[in-house]
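Asker: after the sequence you'll find the predicted model.
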Amino acid sequence: MDGDASPVAPQQPTRHSGPRLVLVAALLAGFTLLGAGAFVALELRDNSRGAAGTLLSTVIGGPFRLVDQNGKTVTNTDLEGKWLLVYFGYTHCPDACPTALSNIALALADLGAEKREVRPVFITVDPERDTVRAMKEYVSAFDAPIVALTGSDAAIAQAAREYRVYYAKHPEPGGDYSMDHTSIIYVMDPKGRFTASFTGEDPPEQIATRLKKLLS
């Protein structure tokens with residue numbers, strides 16, 4: 001996670017620190033007008049419909065046009081028809097991103113045949129380094145059919161705005177950099193509507209249990 005101001009939001013999340021702190025940062029960045037309390041209440045209400053039918057279902061997510069790990073242009077509508085697990089991160093991420101993607105892969109394995117209804121989507125917040133080739137190599141390390149998306153700076157910023165995701169470049173000693181970013185897994189229904197969320201550190205069994213309720 002890192003420090004150049006992002007076009008998405010002025011608030012900065014705690015750098016890869018705790019899932020709950022990162023969630024609070026995302027709330028501050030994107031849900032201020034809706035009220036963080038209402039969002040938390042929805043998250044704690046463990047019903048089978050999640051945020052379906054609420055204002056949140058239409059506030060998070062929206063149009064984007066990116067490129068997948070095979071060089072194919074992919075839009076948000078191309079991904080409709082399946083449940084999506086959308087996570088924003090980057091391939092040089094030291095901890096939060098591999099943890100989140102590993103947890104997603106393990107959760108899908110727990111779903112059995114139902115995993116065919118779910119599509120994991122990994123969107124980079126570091127298009128400078130995350131080329132099509134880099135994204136393909138990275139997601140191949142996870143045992144899941146992850147759609148890895150990259151694009152221009154403007155295209156990534158657009159997607160991040162739609163999902164209320166914060167990200168920013170953070171300079172490191174020696175001239176390198178890391179990326180500060182929201183670490184949330186967004187669950188979108190087959191029509192592209194926000195339904196639920198997990199933190200990147202939620203255990204696979206918790207993710208799988210929640211998904212089974214949503215899919216039923």
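Answerer: That came in fine, so what should we check first?

Asker: tell me which residues in the longest helix belonging to the chain are buried?
Answerer: Looking across the chain with DSSP state H, the single longest helix is helix 96-111. Within helix 96-111, the residues that count as buried by 16 or more other Cβ atoms under 10 Å are 96-108, 111. No exception for glycine: its C-beta is placed from N, CA and C like everyone else's.

Asker: what sits up against the host helix or strand of L85?
Answerer: Per DSSP states H and E, L85 falls inside strand 83-89. Residues from elsewhere that reach strand 83-89 (Cβ atoms under 8 Å, 6 or more residues apart in numbering): 61, 96-97, 100-101, 104, 117-125, 159-160, 163, 165, 167, 179, 181-190, 192, 195, 200, 211, 214-215.

Asker: in helices only, show me these.
Answerer: Reading helices off those with DSSP H, I get A96, C97, A100, L101, I104, A159, A160, L211, L214, L215.

Asker: buried subset of the contacts of strand 83-89 as a ChimeraX selection?
Answerer: To isolate the buried members of the contacts of strand 83-89 in ChimeraX, using 16+ other Cβ under 10 Å:
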select :61,96,97,100,101,104,118,119,120,121,122,123,124,125,159,160,163,165,167,179,181,182,183,184,185,186,187,188,189,192,195,200,211,214
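
Asker: so how far is G71 from the residue nearest the centre of the chain?
Answerer: The centroid of the chain falls nearest to Y87 when counting by Cα atoms, centre = their mean (1.9 Å). To G71, Y87 is 21 Å away according to Cβ to Cβ, to the nearest Å.

Asker: centroid-wise, who is the farthest residue in this protein?
Answerer: The chain, Cα atoms, centre = their mean, max distance from centroid: G174 (29.3 Å).

Asker: phi, psi of that residue?
Answerer: For G174, the backbone dihedrals (degrees, to the nearest 10) come out as phi 90, psi 0.

Asker: I figured H181 was touching V125, is that so?
Answerer: Yes: in this structure H181 lies within contact range of V125 using Cβ atoms under 8 Å: 4.9 Å.

Asker: shared neighbours, those two?
Answerer: F88, G89, Y90, V165, Y167.

Asker: so which of those residues is the closest to L66?
Answerer: L66 lies nearest to F88 out of the shared contacts of H181 and V125, by Cβ to Cβ, at 11.5 Å.

Asker: pLDDT score for that closest one?
Answerer: pLDDT for F88: 98.

Asker: number of residues surrounding it?
Answerer: Counted with other Cβ atoms under 10 Å, residues neighbouring F88 total 28.

Asker: tell me what it is bridged to.
Answerer: Counting by DSSP bridges, F88 is bridged to I123.

Asker: T73 and I207, how far apart?
Answerer: Distance, T73 to I207, using Cβ to Cβ: 29 Å.
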